[in-house]
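# no sequence for this one, just the structure:
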């Protein structure tokens, strides 16, 4: 499963890089990490974001995991990127 998570992160990171996506420097988690957390929740936990947050936050995958509320806010801001990613 770790290989799948790394592949998902790589795709998200490369996708954002190809779009020349600018991130806010004050964010503790990158947009690729937020997208990875959402995709891991959908693929491996049936959409349960708490399980994905627990898995990715406890290990060394994403050491600065956001709270549930902040993660949802960031996901709302990135919804247009998800639509673009799924269109491709």
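Structure received. Since the model is a prediction, treat every value here as computed from it, not as a measurement.
# what's the neighbour count on the nearest residue to residue 40 once chain neighbours are set aside?
Nearest non-adjacent residue to residue 40, counting by C-beta to C-beta, 6 or more residues apart in numbering: residue 52, 4.6 Å away. Just so you know, the C-beta spots here come from the backbone N, C-alpha and C atoms, and that holds for glycine as well. As a burial measure, residue 52 scores 24 neighbours (other C-beta atoms under 10 Å).
# host element of residue 52?
Under the criterion of DSSP states H and E, residue 52 resides in helix 49-58.
# Contacts for that helix next, please.
5, 36-38, 40-41, 44-45, 61-63, 65-66, 68, 71-72 (C-beta atoms under 8 Å, 6 or more residues apart in numbering).
# Can I have the buried ones of those residues as a ChimeraX selection?
Buried residues among the contacts of helix 49-58 (16 or more other C-beta atoms under 10 Å), as a ChimeraX selection:
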select :5,36,37,38,40,41,61,62,65,66,71
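# quick one: buried residues of the helix holding residue 52?
49, 52-53, 55-56.
# Out of those residues, flag the one nearest to residue 29.
residue 56 (10.0 Å; C-beta to C-beta).
# What distance do you get for that closest one to residue 1?
11 Å (C-beta to C-beta, to the nearest Å).
# most residues in a single helix of this protein, which one?
Ranked by number of residues, the top helix in the chain under DSSP state H is helix 2-18.
# Just want the angle from that one to helix 49-58.
90 degrees (axes from the mean of the first three to the mean of the last three C-alpha atoms, to 10 degrees).
# how much does the helix or strand just after helix 2-18 deviate in direction from helix 2-18?
Moving toward the C-terminus from helix 2-18, the next helix or strand (DSSP H and E) is helix 31-44. With the same axes, to 10 degrees applied, the angle from helix 31-44 to helix 2-18 works out at 140 degrees.
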